[in-house]
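**Student:** One predicted model, sequence on top.
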Amino acid sequence: MDRRNPEEEIVKHFGIGPGDLRTLLELADWLLYSASEISRVFKLRGVSRPISELRIRIQYGVKERTARPGGPPRDWEGQGKEPV
């Protein structure tokens, strides 16, 4: 996959429009936020952190090994917009 424009590759591979991709990412973020809040309300230990990590990965478009809980990726070099 071309690291310079992975969005174009994803759109082409799955046969969707760029707006569809953005909509799906926003929906995933909303669902993960909701799951995080539910886990907090019900005091579900061990659930909130993985959800937060996944949410960061989706927001910044980074792989698991690069994501850092509570903030942006550890290493910005070559990581932005790379598919998860």
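**Tutor:** Perfect, I can see it now. Numbering: from 1, shown residues only.

**Student:** separation between the residue nearest the centre of the chain and Ala35?
**Tutor:** Nearest to the geometric centre of the chain sits Ile58, at 0.8 Å (Cα atoms, centre = their mean). Between Ile58 and Ala35 the computed distance is 12 Å (Cβ to Cβ, to the nearest Å). In short, each C-beta sits where N, CA and C put it, glycine included.

**Student:** picking that back up, are there helices or strands packed against whatever helix or strand the residue nearest to the centre of the chain lives in, and which ones?
**Tutor:** For Ile58, the element it lies in under DSSP states H and E is helix 48-60. Applying 3 or more Cβ pairs under 8 Å, 6 or more residues apart in numbering; DSSP states H and E, one finds that helix 48-60 contacts helix 18-41.

**Student:** distance between stretch 18-30 and the chain's centre?
**Tutor:** 10 Å (Cα atoms, centre = their mean, to the nearest Å).

**Student:** Could you check stretch 51-61 and say which residues are buried?
**Tutor:** Within stretch 51-61, the residues that count as buried by 16 or more other Cβ atoms under 10 Å are Ile51, Ser52, Glu53, Leu54, Arg55, Ile56, Arg57, Ile58, Tyr60, Gly61.
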